[in-house]
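**Q** 3D, please:
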Amino acid sequence: MPKEIEVKTILNKTKRRDPWFLDDYTLNLYSSCSFNCLYCYIRGSKYGENLEDSISAKINGIELLEKQLHLKAKKNQYGIIVVSSATDPYLKLEEQYRLTLQALELIAYYKFPVHIITKSDLVVRDLDILHEIDKTAILPSDLSTKLDRGTIISFSFSTLNDQIAKIFEPGATLPSQRLEAFKTIKDNGFLSGISLMPLIPYISDTSENLHLFFKTFRDLSADYVMPATITLWGDDRGDSKTLVLNAIKKQFPELQEKYEKLFKNSSELPYYYRKAFYEKMNELSREYGIKDRIVDI
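**A** Numbers count the residues shown, from 1 in each chain. This is a model prediction of the structure:
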């Protein structure tokens, strides 16, 4: 049973716009996450080993959002709202609370642009309101010459293999179902692409799998593919490094020594690995004709 909490603010202004996600504002209507991805950066002592145990719905979020959007629109402070940055906007409990849907209705009314980032196929429920935002949103002035629409939808993948996803993303919508939702979104004409964040070393970032990613997304007319390497934090039971290394030990024992060496002294992959990764991503982006970001800023 999720907790119901009240918060003091819901729409957060970012210090600077991220060049990948184009976030001027972030909006998180839920706290923690039922998808339980082992590699998730929000993990740690605050949420415990099972993120679903600490999940909560911000029940006054819509009331706060209405007040904040009214004020921002009155001051002409339009900017892209990223939904969500710290959890998924289409968790299972969205079917019950419908906070994301209510928020999109307000965002459409006040004409703000939106960037949806999700691992869920529930996003297709909201096509009508996303179309309205796409057509009527007022873009921030510095992006108005680079973007001509108000809705961006990014699907997140770390693998295309359903069985591997069940290990590393045990509560998330399966990749095969995500692909079907992505196809629906593209068939509806949205600006939409892929966040490959993170790829799993020696498992989903092999040359064979990378070509499969890019061929699959090119064939589905992805507008962009944004890749990134994995970062793993902490040594406590609920931390991402502990959980991923435990999963490797149990499910891929042949990779245990490599992983221990990769993350022995750092939360990040070694420089040589990251350098080779991004060089390969640039090569694949050119080979398959897919941009590596939504727009250049």
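
**Q** Could you pull out the strands in the stretch 51-200 of the chain for me?
**A** Using DSSP state E, counting those that start in this stretch, the strands of the stretch 51-200 of the chain run over 56-58, 81-83, 114-118, 151-156, 191-196.

**Q** which stretch among those comes nearest residue 290?
**A** strand 191-196 (7.9 Å; CB to CB). For every residue, glycine as well, the C-beta is placed using N, CA and C.

**Q** Check which helices and strands the closest one sits against.
**A** strand 151-156, helix 175-187, helix 207-219, strand 225-227 (3 or more CB pairs under 8 Å, 6 or more residues apart in numbering; DSSP states H and E).

**Q** quick one: buried residues of stretch 74-94?
**A** Buried residues in stretch 74-94, counting neighbours by 16 or more other CB atoms under 10 Å, are found at 78-85, 87-94.

**Q** Sketch out the low-pLDDT regions of the stretch 101-250 of the chain for me.
**A** For the stretch 101-250 of the chain, applying pLDDT under 70 flags no range at all.

**Q** how about the helices of this structure, start to end?
**A** 61-74, 94-97, 99-109, 127-136, 162-168, 175-187, 207-219, 240-251, 256-262, 271-288 (DSSP state H).

**Q** Pick the most buried one from those helices.
**A** For the helices of the chain, ranked by mean neighbour count under the definition mean count of other CB atoms under 10 Å, the leader is helix 99-109 at a mean of 20.

**Q** Who are the packing partners of that one?
**A** helix 61-74, strand 81-83, helix 127-136.

**Q** and of those, who's closest to residue 241?
**A** Using CB to CB, the helices and strands packed on helix 99-109 put strand 81-83 closest to residue 241, at 26.0 Å.

**Q** of the helices and strands packed on helix 99-109, which approaches residue 274 most closely?
**A** strand 81-83 (24.4 Å).

**Q** got a list of contacts for that closest one?
**A** Strand 81-83 is contacted by residues 11, 21-29, 89, 100, 103-104, 107, 112-117 when judged by CB atoms under 8 Å, 6 or more residues apart in numbering.

**Q** isn't residue 2 right next to residue 53, touching?
**A** No. Using CB atoms under 8 Å, residue 2 makes no contact with residue 53, being 10.0 Å away.

**Q** Identify the residue nearest the geometric centre of the chain.
**A** residue 117 (4.1 Å; CA atoms, centre = their mean).

**Q** Thanks a lot, catch you later.
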